[in-house]
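Novice: model this:
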Amino acid sequence: MLSYIILIIFQIIAALFFAPFIMRYIPLKEDFTLFVYGVLFAVLIWLVGQIGGEVLKGMSRPSGATLTASLICALIGAAIIFFFPQIAGHIPVVVQSVYFPLFGALIGYYVKK
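Specialist: Numbers count the residues shown, from 1 in each chain. So this is what the prediction gives:
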């Protein structure tokens, strides 16, 4: 159980740190930013899961199906905010729109895992 908590913390930190760094090198229009963040979050979370599967005791490495589930859920999170931006206004806590693909990627990763 402790391994999963450590892995989740590392996945969130890696995704929030490396995704903006990588986004600086991707030329795109503003409309698709959330979707690209979703793809980056899914891939980064999966890569940290691969590394965590090797390093942490009792963890298995995620499969390609886990990457697919994480990618689909991240894109669903981005699509919800892209097509229905009023949903973010109804959440009692102020959450930036870029966190929805991150949460979707994490949910997809751990639902399939």
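Novice: switch to C-alpha atoms for all contacts and neighbour counts from now on
Specialist: Fine.
Novice: hey, which helix or strand in this protein has the poorest pLDDT?
Specialist: helix 86-89 (a mean of 76; mean pLDDT, DSSP states H and E).
Novice: Can you tell me what sits against whatever helix or strand comes next after that one?
Specialist: Next helix or strand after helix 86-89 toward the C-terminus (DSSP states H and E): helix 99-112. For helix 99-112, the external contacting residues (Cα atoms under 8 Å, 6 or more residues apart in numbering) are 12, 15, 34-35, 37-38, 41-42, 45-46, 65-67, 69-78, 81.
Novice: Show me just the buried residues among these.
Specialist: Buried by 16 or more other Cα atoms under 10 Å: 12, 15, 34-35, 37-38, 41-42, 45-46, 66-67, 69-78, 81, out of the contacts of helix 99-112.
Novice: on that earlier part again, out of the contacts of helix 99-112, which are inside helices?
Specialist: 12, 15, 34-35, 37-38, 41-42, 45-46, 65-67, 69-78, 81 (DSSP state H).
Novice: buried stuff in stretch 39-52?
Specialist: Buried, per 16+ other Cα under 10 Å, within stretch 39-52: 39-50, 52.
Novice: Tabulate those residues (a markdown table), appending distance to Ser97 and pLDDT.
Specialist: Listed next are those as a markdown table, based on distance: Cα to Cα, whole Å; pLDDT from 0 to 100:
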| residue | distance to Ser97 | pLDDT |
| --- | --- | --- |
| Val39 | 15 | 95 |
| Leu40 | 15 | 95 |
| Phe41 | 13 | 96 |
| Ala42 | 16 | 96 |
| Val43 | 19 | 96 |
| Leu44 | 18 | 96 |
| Ile45 | 18 | 96 |
| Trp46 | 21 | 96 |
| Leu47 | 23 | 95 |
| Val48 | 23 | 95 |
| Gly49 | 24 | 94 |
| Gln50 | 27 | 94 |
| Gly52 | 27 | 91 |
